[in-house]
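1. I need the structure of the sequence given here:
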Amino acid sequence: MGIRSIGTRQSRISLIEQTAKSEPKISKVRLCQLFDIPRSTHYTLKKPKLPSLEQLNLRVWVKQAFEASKGSAGARNIAQIVSSKYQIKLSRYKARKIMQEQGLVSRQRTKHPYKHADKPHRIHDNVLNRDFAPIAPNQVWTGDVTYIRTKAGFCYLAVVIDLFSRNIVGFAMSDSPDSRLTVEALKMAYTVRLNPQNVLFHSDQGTHYTSRTYAEAVARCAGMKHSMSRRGNCWDNAPTERFFRSFKTEWMPLNGYDDLAQARIDVASYIIGYYSQIRPHSFNNYLTPVEKEKQFFSENLLDTV
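-> From the prediction side, this is the model:
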């Protein structure tokens, strides 16, 4: 009775295995008798269980979501992507466990400074003042520029973000971080969004935003007002900084691109495809930027009926 009373069946099975290793002269048949475990039960419990169809599906879906992010998405984003796509509930903790089982590790990256190419013309006040949650699209846009490494040297990406959904509404790339680059991104945003009026545009005090060339471009956008971060304060434009961090940790190859042409293609793939339409965003309650805007327009159309 003493041996039989030791824990559960599974714990006695474990003791049988441990004893068999330390005392090889004692047969497993005898050990099963001592621990009052039928031989058939011992081999049934010892045999590992095959994963269920649900578990197999989860492994496949998690791996597919991870590969779609180019090895960048963490457990939280993986869980949101899989849950949304397959209409199931997958917690970030379970997603993390499945990722660990398959050796899927998200990557991180550090920042790198770059030089500005324009002469300053005018500095604007910080009108936005970190109010990063507008209640509708086309109320507040933000812009910034970052470097991208290529084998031929650095190229630069300028973006315009609609803060309502964190959607990238304009972007441009060049081998020089000057006003032509930022103006092209603004032109794209203004065209794609069908010439909205009275947008507040916020940026840092980089010379590609303080130049006369950029001021003239802003003036051509109906009623647009320019707001600027305080000098040296990246938190005044935190959502845009966060987008660049996401791009560089989630998507950009560790060693950069071969050239500007390759970078253009891959950046567009990330912005137009993955970031806007697949990647859930915490600010949007884990809707994608496109889904957030669709939800807004759907609700407001219903309100007007």
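
2. Point to the helix or strand of the protein where mean pLDDT is at its lowest.
-> Comparing every helix and strand of the chain by mean pLDDT, DSSP states H and E singles out helix 39-46 as the least confident one, with a mean of 52.

3. Need the residues that contact whatever helix or strand comes next after it.
-> Next along the chain after helix 39-46, taking DSSP states H and E as the criterion, comes helix 53-68. Residues from elsewhere that reach helix 53-68, judged by C-beta atoms under 8 Å, 6 or more residues apart in numbering: 51, 73, 77-78, 81-82, 85-86, 90, 94-95, 98-99, 101-102, 104, 274, 278. The C-beta positions use only the backbone N, C-alpha and C, and glycine is treated the same way.

4. Could you rerun that using 10 Å?
-> Contacts with helix 53-68, where a contact means C-beta atoms under 10 Å, 6 or more residues apart in numbering, come from 49-52, 72-75, 77-83, 85-86, 88, 90, 94-99, 101-102, 104-106, 273-274, 278-279.

5. Could you turn the buried ones of those into a ChimeraX selection?
-> In ChimeraX, this line selects whichever of the contacts of helix 53-68 come out buried by 16 or more other C-beta atoms under 10 Å:
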select :72,73,74,75,77,78,79,80,81,82,83,90,94,95,96,98,99,104,106,274,278,279
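
6. Out of the contacts of helix 53-68, list just those in helices.
-> 75, 77-83, 85-86, 94-99, 101 (DSSP state H).

7. residue ranges with poor pLDDT in the chain?
-> Judged by pLDDT under 70, the chain has its weakly predicted residues at 1-25, 28-31, 33-37, 39-51, 107-121, 302-305.

8. show me where it has strands.
-> For the chain, applying DSSP state E gives strands covering 140-150, 153-162, 167-174, 200-203, 225-228.

9. Just name the most buried of those.
-> For those, the largest average neighbour count (mean count of other C-beta atoms under 10 Å) is found in strand 200-203, namely a mean of 26.

10. Show me what it is packed up against.
-> For strand 200-203, the contact count by 3 or more C-beta pairs under 10 Å, 6 or more residues apart in numbering; DSSP states H and E identifies strand 140-150, strand 153-162, helix 179-192, helix 207-210, helix 212-219, strand 225-228, helix 238-250 as packing neighbours.

11. out of these, nearest to residue 26?
-> Relative to residue 26, the nearest member of these by C-beta to C-beta is helix 238-250, separated by 55.1 Å.

12. Residue 135: what's it in contact with?
-> Counting by C-beta under 10 Å, 6+ apart, residue 135 touches 164, 296.

13. any idea how far residue 152 is from it?
-> 44 Å (C-beta to C-beta, to the nearest Å).

14. Repeat that for residue 106.
-> From residue 106 to residue 152 the distance is 28 Å (C-beta to C-beta).

15. Residue 296 too?
-> Distance from residue 296 to residue 152, counting by C-beta to C-beta: 42 Å.

16. So which of these two has more stuff around it?
-> Shown here are residue 296 and residue 152; by other C-beta atoms under 10 Å, residue 296 has more neighbours (15 against 12).

17. what's the more buried one in contact with, if anything?
-> By C-beta under 10 Å, 6+ apart, the contact set of residue 296 is 135-137, 164-165.

18. Tell me the spacing between it and residue 138.
-> Between residue 296 and residue 138 the computed distance is 11 Å (C-beta to C-beta).

19. Give the residues shared as contacts by the two.
-> Contact criterion C-beta under 10 Å, 6+ apart; residues shared by residue 296 and residue 138: residue 164.

20. Can you verify my assumption that residue 245 contacts residue 144?
-> No - in this structure residue 245 lies outside contact range of residue 144 using C-beta atoms under 10 Å: 11.3 Å.

21. Touching both of the two, which residues are there?
-> When contacts are counted by C-beta under 10 Å, 6+ apart, the set common to residue 245 and residue 144 is empty.

22. For residue 38, see how far away residue 215 is.
-> 86 Å.

23. Out of the helices and strands packed on strand 200-203, the one nearest residue 130 is which?
-> Proximity to residue 130 (C-beta to C-beta) singles out helix 238-250 among those, at 7.5 Å.

24. tell me what that closest one is packed against?
-> Other helices and strands packing on helix 238-250, by 3+ C-beta pairs under 10 Å, 6+ apart, are strand 140-150, strand 153-162, strand 167-174, strand 200-203.

25. Now do that helix against strand 153-162, angle only.
-> On the basis of axes from the mean of the first three to the mean of the last three C-alpha atoms, to 10 degrees, helix 238-250 is oriented at 130 degrees to strand 153-162.
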